[in-house]
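**Q** Quick one: sequence plus predicted model below, questions after.
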Amino acid sequence: MTESLQETRRKYLRWSIPSIVLAIVTVLFAVASFWAQMHVVSRYESIVSEYLNSNVESDPRWTLDSMRHASIAAKRLVVANPESAEAATQFALVEFHSQRELMRTLSNPNAVIDKESLQQTQELGKTMRQRAIDSMRRAAKLEGPAAGRARLWMLDWQFREDQLGTAPSAAQWEEWQDACKKMLASGDDAKLLLADLLIHR
C-alpha cells in the first residue's frame, strides 16, 4: 500500500510540474498580450489625435499616406472596441478631416492636377464623407456621451440637408424640435440646435 501511494505521488508530481509550468507560461502570455494591445491602442489613438490637429496649410508633413495611416488607425480602434461610440465618432472625424483637406488641396490655385486625377480625388472625397456619415449614424445608436454628440450631429446634419431641397413642412419642424427636446431631457447639449431650429422656423 505504501509503495502504491509513493507511485501515485510520483505520477502526480510528473504531471503537476508541466501543468504548473504551462499555467505560468499562459499567465505570462496573457499579461504580455494585454500590455501589447494597450500599447497598440495607445499608438493608434496618438496617430488619430496628431492627424486631426494637422492640415495641408500648416503641416507640410500632411500627405495622402498620413491620411491613409490615420484612417487605418481609426478603423482599428473601432474594430478593437465595436461598442464604443467614441471610437466610431473618432473614425468619422478622421474621414471628415481627410475630405476637407482633399477639397482644400483641390481649391489651391497653384495645384497642378489633371482631369482624371481631379475626378478620382472628388470621388474619394465623396466616399470619405459617406463613410463618416455612416460611422456617425452607427455611433448614434450606441451609449455614452459620444453617442449623444453623434445623435446631435446627425440631427443637425439632417436639418441642414433637408433645407437644401423644398421648404420643410410644419410636421417636419415639430419632429426636429421634439427630437431636440428629447436630447435635452437625456442630458445632451442640444440647446443651440433647438435655438437654430426655432430661428429658422
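**A** Arrived safely, thanks for sending.
**Q** contact partners of stretch 130-141?
**A** If you take Cβ atoms under 8 Å, 6 or more residues apart in numbering as the criterion, stretch 130-141 is touched by 78, 85, 88-89, 91-93, 95-96, 99, 146-147, 150-151, 153-154, 157. Using the backbone N, CA and C atoms, a C-beta is placed for each residue, glycine as well.
**Q** residue ranges with poor pLDDT in this protein?
**A** Segments of the chain classed as low confidence (criterion: pLDDT under 70) are 1-40, 55-62, 109-112, 163-165.
**Q** Tell me where it has helices.
**A** 2-52, 64-80, 85-107, 115-140, 145-163, 170-185, 191-200 (DSSP state H).
**Q** so which of those helices is the most packed in?
**A** Highest mean neighbour count among these (mean count of other Cβ atoms under 10 Å): helix 85-107, with a mean of 21.
**Q** helices and strands around that one, which ones?
**A** When contacts are defined as 3 or more Cβ pairs under 8 Å, 6 or more residues apart in numbering; DSSP states H and E, helix 85-107 packs onto helix 2-52, helix 64-80, helix 115-140, helix 145-163.
**Q** now it against helix 115-140, angle please.
**A** Angle, helix 85-107 to helix 115-140, by axes from the mean of the first three to the mean of the last three Cα atoms, to 10 degrees: 160 degrees.
**Q** from now on call the first residue 10
**A** Happy to do that; since the first residue is 10 now, the last one works out to helix 94-116.
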